[in-house]
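>>> What would the 3D arrangement of this be:
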Amino acid sequence: MSDEGYKALLGMFAIAYFLANIALTIELHHYPMKSRVSKVFYYLLVWLIPLIGAISVHKKLKIGWAKGSRFGGHNGPVDPGDSGF
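A predicted model of the protein is given here:
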């Protein structure tokens with residue numbers, strides 16, 4: 001791959017990273033937290049530690065994809081006899 005190809009690929013990753021962090025920042029803004037300091041800490045974690053910070057915030061606060069969904073995720077224990085269908 002040429003040097004310009006690597007720059008284009010890096011640019012696409014940077015745009016995806018930026019958009020994902022904006023979405024997570026909006027979720028954090030609406031997340032009910034008592035402490036302003038903890039909210040600022042989570043903002044900094046998301047923006048200053050690429051990828052690992054966002055994954056940590058999702059899992060710690062159980063927001064976004066970490067909270068589960070009706071399409072396969074769940075928030076509680078699964079009955080051993082439940083096959084999911």
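
>>> helices or strands next to the longest helix seen in the chain in the packing?
In the chain, with assignment by DSSP state H, the single longest helix is helix 3-30. Contacts defined by 3 or more CB pairs under 8 Å, 6 or more residues apart in numbering; DSSP states H and E place helix 3-30 against helix 36-48, helix 52-61. All C-beta atoms are positioned from the backbone trio N, CA, C, and that covers glycine.

>>> Could you check the angle the longest one makes with helix 52-61?
Angle of helix 36-48 versus helix 52-61, following axes from the mean of the first three to the mean of the last three CA atoms, to 10 degrees, is 140 degrees.

>>> pLDDT averaged over helix 36-48 - what is it?
Across helix 36-48, pLDDT averages out at 92.

>>> Next: stretch 58-78.
64.

>>> Give me the phi and psi for residue 2.
phi -80, psi 170 (degrees, to the nearest 10).

>>> now it: how far from residue 9?
11 Å (CB to CB, to the nearest Å).

>>> Show me which of these two is the more surrounded one.
Looking at residue 2 and residue 9 with other CB atoms under 10 Å, you find the greater number of neighbours at residue 9, namely 11 against 7.

>>> OK, contacts around that one?
The contact partners of residue 9, taken as CB atoms under 8 Å, 6 or more residues apart in numbering, are residue 1.
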